[in-house]
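# what's the 3D shape of this:
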Amino acid sequence: MGAIIEACNSEISVKNTGVECHTVMSATAMLLLMYPGTSFTKTDLEDPVTFFQDLIQRRKCFPLFGNKFPVSTVQNNTENDATVTLDDGTQVFLRYGVYNRVFETLKGGLCYAEALQSFLQSGFQVIEIDQNGSMLVHKNNDGTYTGLNTTFMYSPSPTLADFSTTPYKNRFSISYSPVEMVRYGKILTGADSLLDLAGLLNVSIKEAAAGTTSALTISVTTGCSGANLATLFPTEIVDLDLYVVTNVASGATVTPSGATISNGNIVLSGTFTSGQSYYVVGSNPTVWASNGIEGYDASKSKIKISVA
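Here you go, the predicted structure:
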């Protein structure tokens, strides 16, 4: 704990005004939404792509925009600082106005709009990376870094196209205090390589045939376009580590004896009890990545298959 000091101790509170660095952020190219409390060090940044890819696979970091979904417009809707003028003309400072920033992209369509809306008031911290590869972070007292603390986060409704001047645009908005940025903000350089990062693709697992005592048959496709992963990854997709099967009634884990592809579906063979139901869900994205299917998340797709 820090010492308690007098509030008007000017020797401590007032800063010297010499300047040795003129680095500022240029136009934002990417946002990294960081799970609250997720921190990193200078050592982690020695191989930043590997470090942040691991965070993405563990659902601790969610990249928005970047080179795959370029930011086309940045709106800085900064609130005015709150001051009041008394009857005698004296001005009193109340608080700084909040930075309200809106980012727009032409890419992604409705699938991306749905993903952006899922972060409504999520409380995630945010890292900004500009077009020159500079990265704005929050520096902690222990020398670690996190994202800036936000006061508001949501995705405004997409801008609809018209016949003359406006194309369809997806939008995302964050708000944070100038005090958060000025007092705790730190600009790091060399983050250009992070602009190629992309978020995970949702995977949809569905029942493809009625369950039997010897097999559970599922389809495994991407959540937006419906691309069949059995076609994209015919060898990797039959790895049993990719799936978690549990008995609905008992909660016990059931380990299939094998997996094959049949008519574009995944057949999980094993011994299943008649009259029982089974949950099938994808394992953690890190497991999928380690088994050759990187960039996909099936851990949120859970289905129930009943065995006759």
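# Pull out the buried residues from stretch 152-167.
For stretch 152-167, the neighbour count (16 or more other Cβ atoms under 10 Å) marks 153, 155, 158 as buried. Placement of C-beta: from N, CA and C, glycine included.
# First-to-last residue distance for it?
Taking Cα to Cα, to the nearest Å, stretch 152-167 runs 26 Å from one end to the other.
# if you average pLDDT over whichever strand or helix holds N170, what comes out?
Assessed by DSSP states H and E, N170 sits inside strand 170-176. What strand 170-176 shows for mean pLDDT is 97.
# I'd like the next helix or strand past it.
Counting by DSSP H and E, what follows strand 170-176 is helix 178-184.
# For that following helix, which outside residues touch it?
Residues from elsewhere that reach helix 178-184 (Cβ atoms under 8 Å, 6 or more residues apart in numbering): 96-99, 136, 138-140, 148-149.
# export that helix as CSV, just CAs?
C-alpha atoms of helix 178-184 as CSV (Å, rounded to 0.1, in the frame of the first residue of the first chain):
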residue,chain,number,x,y,z
PRO,A,178,-8.7,11.3,-20.5
VAL,A,179,-7.3,10.8,-17.0
GLU,A,180,-7.0,7.0,-17.7
MET,A,181,-5.1,7.7,-20.9
VAL,A,182,-2.8,10.5,-19.7
ARG,A,183,-2.0,9.3,-16.3
TYR,A,184,-1.8,5.6,-17.0
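# in it, what's buried?
Quick answer for helix 178-184 (16+ other Cβ under 10 Å): 178, 180-181, 184.
# Now render those as a markdown table, adding distance to T28.
Shown next, in a markdown table, are the buried residues of helix 178-184 (distance: Cβ to Cβ, whole Å):
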| residue | distance to T28 |
| --- | --- |
| P178 | 16 |
| E180 | 16 |
| M181 | 13 |
| Y184 | 18 |
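# Which single one of the residues you listed is nearest to D297?
Ranked by distance to D297 (Cβ to Cβ), these are led by E180 at 30.2 Å.
# Check the gap between that closest one and I129 for me.
Separation of E180 from I129 (Cβ to Cβ, to the nearest Å): 17 Å.
# The stretch 1-150 of the chain: helices as residue ranges?
Shown for the stretch 1-150 of the chain, the helices assigned by DSSP state H, counting those that start in this stretch span residues 10-13, 48-57, 109-117.
# So which elements touch the last one?
Spelled out, it's helix 109-117. With contacts taken as 3 or more Cβ pairs under 8 Å, 6 or more residues apart in numbering; DSSP states H and E, helix 109-117 sits against strand 170-176.
# and L194, what does it touch?
L194 neighbours (Cβ under 8 Å, 6+ apart): 30, 32, 48-49, 52, 63, 66, 129, 133, 135.
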